[in-house]
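A.B. asks: what follows is a predicted protein model with its sequence.
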Amino acid sequence: MKHLLLLGTGGTIACKRGENGLTPLLTGDELLSYVPDAKKFCEVETVQVLNIDSTNMHPKHWLKLAQVLEENYDDYDGFVICHGTDTMAYTAAAMSYLVQHSSKPIVITGAQKPIDLDVTDARTNLLDSLRFAASERAHGVTIVFDGKVIAGTRGKKERSKSYNAFSSINFPYLAVIQDEHILYYIDDKWQDRESVRFYHEMDSQVSLLKLIPSMDSSLLDYMAEHYDAVVIESFGVGGLPSYESGDFYSSIEKWISMGKVVVMTTQVTQEGSNMSVYEVGQKIKNAFGLIESYDMTLEATVTKLMWILGQTKDHDKVREMFYETINHDILWNTGRR
Ligand SMILES: NC(=O)C[C@H](N)C(=O)O
């Protein structure tokens, strides 16, 4: 029988209703008591790493989770992290970078409703996650939610209330779970022959600027004083305004001359960016050799930068690491550096 470790971090799945709304209070052991059927296929031990609403999730918590995984890695066959849904996609991406080449499954799950309600998605999600973590063909970091298995770098919370809250962006689901059956769409466990590797550094000085029409670049100048990297969420396939009041050209020049990192992405969720299409994108990208996210999610882009900048600040190395595919995070990178 598979031996699993459940890591409790809080989130709605572990919430109880109090005077000020839902608060995470249940422990991992209490969560397990709601899924007695799990005993049929796995033995589970628990560790309470945190008990927070995932709104409060921070890179220091990701490092802590990676540390707990590293300390326990040899003693278990798989891991299930119970987590709030709000920042789950960030945590799943962060864990994809902090724990690479894991032949053991590291499954992240949660729920839209607390596990102690009569009507809830929590019990199904937890049971599915344990089932997936106990399966022979599962590996690496994934999200299991509403019967879908999503690569850790491809998840996004697209619905704030419904049970089908998570989508896999620009990438197929890895598998679906229907009752006790797991149907694998991507079955690639045996392709990764490298040994598991844990990382211990992240740079949280990564910022995000979302463009709206009329915006000028003064915010970007301010951010340059305070951050090591900025992700700019532009429009469509990507570009930067060239109207007179918005001098993005000299703001980007400032970032680059300070040796800091600018990554271009798009605020359109599906299909990603391609800055070479329009003059508003191509000119500025070529002038400064800007890095571009292409088909990556914002969650993966942000956490990948935090992970890379924790290892190096060298611009060429940052670019090289950014375009390297990790846990299916980018497909558009070949020959486009
Ligand atoms: N459904 C949830 O888990 C939402 C909650 N606010 C959290 O992210 O912790």
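C.D. replies: That came through fine.
A.B. asks: close to the ligand: what parts of the stretch 101-250 of the chain are there?
C.D. replies: Contact residues, the stretch 101-250 of the chain versus the ligand (CB under 6 Å from any ligand atom): 110, 112. Where you see a C-beta, it was placed from the backbone N, CA and C, and this is true even at glycine.
A.B. asks: where does pLDDT dip in the stretch 101-250 of the chain?
C.D. replies: 245-246 (pLDDT under 70).
A.B. asks: now the strands for it?
C.D. replies: Taking DSSP state E, counting those that start in this stretch as the criterion, the stretch 101-250 of the chain carries its strands at 105-109, 140-145, 148-151, 155-157, 166-168, 175-178, 181-184, 197-198, 206-210, 229-234.
A.B. asks: residues touching the fifth one, excluding its own?
C.D. replies: Residues from elsewhere that reach strand 166-168, judged by CB atoms under 8 Å, 6 or more residues apart in numbering: 85, 88-89, 143, 145-146, 148, 150-151, 154-158, 174.
A.B. asks: kindly report the same for the fourth one.
C.D. replies: The contact list for strand 155-157 (CB under 8 Å, 6+ apart) reads 85-86, 88-89, 92-93, 143, 145, 165-169, 269, 297-299.
A.B. asks: give the buried residues for it.
C.D. replies: 155-157 (16 or more other CB atoms under 10 Å).
A.B. asks: and the helix or strand encompassing Val280 with strand 229-234, angle?
C.D. replies: In this structure, Val280 is located in helix 279-288 according to DSSP states H and E. In terms of direction (axes from the mean of the first three to the mean of the last three CA atoms, to 10 degrees), helix 279-288 departs from strand 229-234 by 160 degrees.
A.B. asks: please identify which residue in the stretch 151-300 of the chain comes closest to the ligand.
C.D. replies: The ligand sits closest to Ala165 of the stretch 151-300 of the chain, with a gap of 7.4 Å, by CB to the nearest ligand atom.
A.B. asks: wait, I meant the stretch 51-200 of the chain
C.D. replies: Taking CB to the nearest ligand atom, the stretch 51-200 of the chain has Gly84 as its residue nearest the ligand, at 2.0 Å.
A.B. asks: surely that residue and Gly11 touch.
C.D. replies: Yes - the pair Gly84 / Gly11 is scored as a contact, 2.9 Å apart, by CB atoms under 8 Å.
A.B. asks: tell me, what residue is most central in the chain?
C.D. replies: Ala93 (2.5 Å; CA atoms, centre = their mean).
A.B. asks: gap between that residue and Asp216?
C.D. replies: Separation of Ala93 from Asp216 (CB to CB, to the nearest Å): 31 Å.
A.B. asks: what about Ile143, how many neighbours?
C.D. replies: A count of nearby residues for Ile143, using other CB atoms under 10 Å, gives 32.
A.B. asks: list the contacts for it?
C.D. replies: Ile143 makes contact with 88-89, 92, 107-109, 149-150, 152, 155, 166 under the criterion CB under 8 Å, 6+ apart.
A.B. asks: now the buried members of the contacts of strand 166-168.
C.D. replies: 85, 88-89, 143, 145-146, 148, 150-151, 154-157, 174.
A.B. asks: if we can go back for a sec, overlap of the contact sets of Gly84 and Gly11?
C.D. replies: Taking CB under 8 Å, 6+ apart as the contact rule, Gly84 and Gly11 both touch 24, 53-54, 110.
A.B. asks: and which of those residues is nearest to Gln178?
C.D. replies: Proximity of those to Gln178 (CB to CB) peaks at Gly110, which lies at 20.2 Å.
A.B. asks: my guess is that closest one contacts Thr85. True?
C.D. replies: Yes - counting by CB under 8 Å, Gly110 does reach Thr85; the two are 4.7 Å apart.
A.B. asks: overlap in contacts of those two?
C.D. replies: Counting by CB under 8 Å, 6+ apart, the common neighbours of Gly110 and Thr85 are 11-12, 54, 145.
A.B. asks: output the strands of the stretch 101-250 of the chain in CSV, with distance to Trp190 appended to each entry.
C.D. replies: Output for the strands of the stretch 101-250 of the chain, formatted as CSV (distance: least, CB to CB, whole Å):
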stretch, distance to Trp190
strand 105-109, 14
strand 140-145, 12
strand 148-151, 17
strand 155-157, 24
strand 166-168, 22
strand 175-178, 15
strand 181-184, 12
strand 197-198, 18
strand 206-210, 34
strand 229-234, 35
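A.B. asks: ok, Gly239 to Gly78 distance?
C.D. replies: Gly239 sits 44 Å away from Gly78, going by CB to CB.
A.B. asks: same thing with Gln311?
C.D. replies: Taking CB to CB, one finds Gln311 at 27 Å from Gly78.
A.B. asks: try Tyr97
C.D. replies: Tyr97 is 19 Å from Gly78, by CB to CB.
A.B. asks: okay, the two: which has more neighbours?
C.D. replies: Tyr97 (27 against 23).
A.B. asks: give me the nearest residue to that one, chain neighbours excluded.
C.D. replies: Trp307 (3.8 Å; CB to CB, 6 or more residues apart in numbering).
A.B. asks: and for Asp29?
C.D. replies: Thr46 (5.2 Å).
A.B. asks: now swap in Val119 and tell me
C.D. replies: Distances taken as CB to CB, 6+ apart put Lys113 closest to Val119, at 7.0 Å, once the chain neighbours are dropped.
A.B. asks: does that neighbour touch Thr12 like I think?
C.D. replies: Yes - counting by CB under 8 Å, Lys113 does reach Thr12; the two are 6.6 Å apart.
A.B. asks: no more questions from me, cheers.
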